[in-house]
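K.L.:
show me the folded form of this:
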Amino acid sequence: MKVRVRLYATLVDLVPPSIRAQTPEMRAARPFELEVPEGSTLAHLIEQLALPRAEIKAIFVNGRVCPLDHLLQPGDEIGIFPPVGGG
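P.N.:
Numbering: from 1, shown residues only. Below you'll find the predicted structure:
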């Protein structure tokens, strides 16, 4: 099934180049479509993208914050955010 993903700020740079190369939109820090197996959760998506969990602060699905065990549905729109720094 297909979902639409957007990685914010530094997260794009944390995806291994081999995965980034498959999706031109990801390299440009734009939303991209991704094929995930039926029954996937947000945790599975994070694994598929090889993102370090320690670098993820919040994940939104269709505009709502969701836990890692959230079951994905076809067409879901997912935003993944790193911790915010500054001062």
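K.L.:
the closest residue to Tyr8 other than its chain neighbours: what's it in contact with?
P.N.:
Excluding its sequence neighbours, the residue lying closest to Tyr8 (C-beta to C-beta, 6 or more residues apart in numbering) is Phe81, at 4.8 Å. Glycine gets a C-beta too; all of them are placed from N, C-alpha and C. Contact analysis of Phe81 by C-beta atoms under 8 Å, 6 or more residues apart in numbering lists 8-9, 11, 56-60.
K.L.:
just the buried ones from these?
P.N.:
Buried members of the contacts of Phe81, scored by 16 or more other C-beta atoms under 10 Å, are 11, 56, 59.
K.L.:
for the chain, which helix is longest?
P.N.:
With secondary structure taken from DSSP state H, the chain has its longest helix at helix 42-48.
K.L.:
report the mean confidence score over the following helix or strand past it.
P.N.:
Counting by DSSP states H and E, the next helix or strand C-terminal to helix 42-48 is strand 58-61. The predicted model gives strand 58-61 an average pLDDT of 97.
K.L.:
strand 58-61 pairs with which strands?
P.N.:
strand 64-65 (antiparallel), strand 77-81 (antiparallel) (DSSP bridges).
K.L.:
tell me the secondary structure for the nearest residue to Pro31 once chain neighbours are set aside?
P.N.:
Nearest residue to Pro31 in three dimensions, chain neighbours excluded: Arg6, at 4.3 Å (C-beta to C-beta, 6+ apart). The three-state label for Arg6, taken from DSSP: H, G, I helix; E, B strand; the rest coil, comes out as strand.
K.L.:
so Arg6 makes contact with Val61?
P.N.:
No. Counting by C-beta atoms under 8 Å, Arg6 does not reach Val61; the two are 11.5 Å apart.
K.L.:
which residues are common contacts for these two?
P.N.:
The overlap between the contact sets of Arg6 and Val61 (C-beta under 8 Å, 6+ apart) consists of 77-78.
K.L.:
hmm, who's touching the lowest-mean-pLDDT helix or strand in the chain?
P.N.:
Within the chain, no helix or strand scores below helix 24-27, which has a mean of 72 by mean pLDDT, DSSP states H and E. Outside helix 24-27, the residues that touch it by C-beta under 8 Å, 6+ apart are 5, 7, 12, 15, 19-21, 31-33.
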